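S.K.: Prediction below, plus the sequence it came from.
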Amino acid sequence: MKNRTIGSFVAEDFRTAAIFNKYGIDFCCKGGRTLDEVCEKKAVDAEELMGELERLLSQQAENNIDFRHWPLDLLADYIEKTHHRYVEEKIPVLLQFLNKLSKVHGERHPELYEINELFIGCAQELSQHLKKEELVLFPFVRKMVSATITGQPIEAPHFGTVENPVAMMMHEHDGEGERFRKIAALSDNYTPPADACNTYKVTYAMLKEFEEDLHKHIHLENNILFPSAIVLEHKMN
């Protein structure tokens, strides 16, 4: 178990994400590290962590979705309709709220200015990132799946190999992961101050939820969709 990667645990059962999160272990952007590696780096008791994981994995989750066995075109559709849509719906609301908070509370809580700037950067980068997936990477994944069913060859993509856009998407995931680590630190892990108004509280709760959704989103791509797409392309060549 110690030699298994963090991403493989979460791919098997997403409930393990809560345990890794409790220990401050990044399961999405840095899911390729082994349990042993992260325990040593984070000074975490490996036996204690493994005990928690074993107890959780021994429990059968009701309606626990095993995304690893989904067809890749269906998984791409799910990511678009669930996580891409979520990002598109929440960004305008959060931008409005953070702008308002900065104007009203920024003098007393100057960290709001930086949180606002970080989220503006996130909104811009993520919007472009989603379009690249929707217009370039995901359509090619669907073409590969269709070709395996029909036996028809497909044209070589302009990007050479699926590994190229995958590498770019993963690099961008790392950037957003780092951006949200800064937001979490600046907001004291989304804890509103004592004088926070309702908008303040709601905004922090929304930011926390946004980060959690982003972790799930990145996990599905980094740990399941992307490696499976690379394997599928190799099989076709």
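M.R.: Received it, and whenever you're ready, just let me know what you need. Numbering: from 1, shown residues only.

S.K.: switch to C-alpha atoms for all contacts and neighbour counts from now on
M.R.: OK.

S.K.: got a pLDDT number for the residue lying closest to T34 once chain neighbours are set aside?
M.R.: Distances taken as CA to CA, 6 or more residues apart in numbering put T5 closest to T34, at 4.0 Å, once the chain neighbours are dropped. T5 is assigned a predicted lDDT (pLDDT) of 92.

S.K.: and what of the one 3 residues further on?
M.R.: Reported pLDDT at S8 in the predicted model: 89.

S.K.: Then it would be within a helix, right?
M.R.: Yes: assessed by DSSP: H, G, I helix; E, B strand; the rest coil, S8 belongs to a helix.

S.K.: That one contacts L220, correct?
M.R.: No: shown here, S8 and L220 do not form a contact pair, counting by CA atoms under 8 Å, at 11.1 Å.

S.K.: Neighbour count for those two, which is higher?
M.R.: L220 (23 against 17; other CA atoms under 10 Å).

S.K.: show me what contacts that one?
M.R.: Residues in contact with L220, defined by CA atoms under 8 Å, 6 or more residues apart in numbering, are A11, F67, I79.

S.K.: burial of the last one, as a residue count?
M.R.: Going back to what we said before, that points to I79. 20.

S.K.: Now name the helix or strand holding the residue lying closest to it once chain neighbours are set aside.
M.R.: Excluding the flanking residues, the one nearest I79 by CA to CA, 6+ apart is H217, at 6.9 Å. Applying DSSP states H and E as the criterion places H217 in helix 198-219.

S.K.: And that helix, what does it pack against?
M.R.: helix 6-12, helix 85-105, helix 163-186 (3 or more CA pairs under 8 Å, 6 or more residues apart in numbering; DSSP states H and E).

S.K.: Contacts for the second one next, please.
M.R.: For helix 85-105, the external contacting residues (CA under 8 Å, 6+ apart) are 110, 112-113, 115-116, 119-120, 123, 127, 199-200, 203, 206-207, 210.

S.K.: same question, the longest one
M.R.: For helix 163-186, the surrounding residues in contact (CA under 8 Å, 6+ apart) are 29, 111, 115, 118, 122, 126, 129, 133, 137, 159, 189-190, 208, 211, 218, 222, 226, 230.

S.K.: These, buried ones only, as a PyMOL selection?
M.R.: Selection of buried members from the contacts of helix 163-186 for PyMOL, criterion 16 or more other CA atoms under 10 Å:
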select buried, resi 29+111+115+118+122+126+129+133+137+190+208+211+218+222+226
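
S.K.: tell me the least confident of the contacts of helix 85-105?
M.R.: T199 (86).

S.K.: What separation do you get for the residue lying closest to that one once chain neighbours are set aside and G106?
M.R.: Spatially, and ignoring its direct neighbours in sequence, T199 is nearest to F97 (7.1 Å; CA to CA, 6+ apart). Distance of F97 to G106, computed by CA to CA, to the nearest Å: 13 Å.

S.K.: could you list every residue that touches G32?
M.R.: G32 neighbours (CA under 8 Å, 6+ apart): T5, I6, G7.

S.K.: quick one, phi psi at the closest residue in space to the last one that isn't next to it in sequence?
M.R.: So the one you mean is G7. Sequence neighbours aside, G31 is the residue nearest to G7 in space, at 4.1 Å (criterion: CA to CA, 6+ apart). Main-chain torsions, G31, degrees, to the nearest 10: phi -70, psi -10.
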